[in-house]
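Colleague: Give me coordinates for this.
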Amino acid sequence: MRATPLVGTLTCLLLVAACSSPVHKSGDAAPAGSADPVISAATTGTPTASTPSASSSPSASSSPSARPSSSATTTAPLVLGPRGIGSLKLGMTRQQATATGMVRPFDTTGRCGVSFLRAAPAEEGNVTLSPTLGVAAISVWPGIKTPEGLRIGMSSAEMLRIYPAYRAAEGAEATNARGYVTVPGNDKASYRIATRNGKVTGLALQFRNQDCYE
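Modeller: Okay, here's the model as predicted:
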């Protein structure tokens, strides 16, 4: 019996093994358990886990904002002159004066109407309405000042320092009288200032030609 050459036998075995081994082509699934080159998600279309970015995390802007602090509403102090007090002005009609919300209903039973400022204490701060001039006079109460600083309760001497042009009516002395001074900034109006026992006891803004009282 003739022996098969060793070289031929080995060659045949190698050919059989080569033909039976699967060939991994590009695009085919790799055999289970075999190592395969890493393929990017862009190539395979398979989503990959990503680390949350800073923009996706909660931030101060997405958290509820702090409520604005509420500040107490402050009202500017009322000042008498040179044309009125607050939104109430000399010369306004009855309808205009009422629309300001500053006055109570007018009593018009007499020739001139009379009302009172809502902010004033009872029976103080009266408003006089002339049939020809409209609001002709506005009187105030302690605590209300003129732009120059005059107020009820001030001494007559202090008043004269503020308004040296003040003249008492009918020649009476300024320490116990009623007098007038032209309003700075409005030559059509006067401050009517009453004094008694060396103190200012009354203060009003009025038209110089008001026709409701002396």
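
Colleague: Please name the residues that touch the spatially closest residue to Leu117 that is not a sequence neighbour.
Modeller: Spatially, and ignoring its direct neighbours in sequence, Leu117 is nearest to Gly125 (3.7 Å; CB to CB, 6 or more residues apart in numbering). Yep, even glycine has a C-beta here, placed from its N, CA and C like the rest. Going by CB atoms under 8 Å, 6 or more residues apart in numbering, Gly125 touches 116-117, 119, 138-141.

Colleague: now, which of those lie within strands?
Modeller: Applying DSSP state E to the contacts of Gly125, the entries found in strands are 116, 138-139.

Colleague: returning to that earlier point: which among the contacts of Gly125 count as buried?
Modeller: Among the contacts of Gly125, those classed as buried by 16 or more other CB atoms under 10 Å are 116-117, 119, 138-141.

Colleague: what does the strand or helix carrying Leu129 rub up against?
Modeller: If you go by DSSP states H and E, Leu129 is part of strand 126-130. Strand 126-130 has contacts (CB under 8 Å, 6+ apart) with 88, 94, 97, 103, 106, 108, 112-117, 135-139, 206-207, 210-213.

Colleague: Pairing partners for that strand, with directions?
Modeller: strand 113-116 (antiparallel), strand 134-139 (antiparallel) (DSSP bridges).

Colleague: which of the residues in it are buried?
Modeller: Under the neighbour-count criterion of 16+ other CB under 10 Å, strand 126-130 has 126-130 buried.

Colleague: closest to Ser156 among these?
Modeller: Nearest to Ser156, judged by CB to CB, of these is Asn126 at 23.1 Å.

Colleague: For that closest one, name its beta-bridge partners.
Modeller: Beta bridges link Asn126 to Phe116, judged by DSSP bridges.

Colleague: farthest-separated two in the buried ones among the contacts of Gly125?
Modeller: Greatest spatial distance in the buried ones among the contacts of Gly125: Ala119 and Ser139, 12.8 Å, computed using CB to CB.
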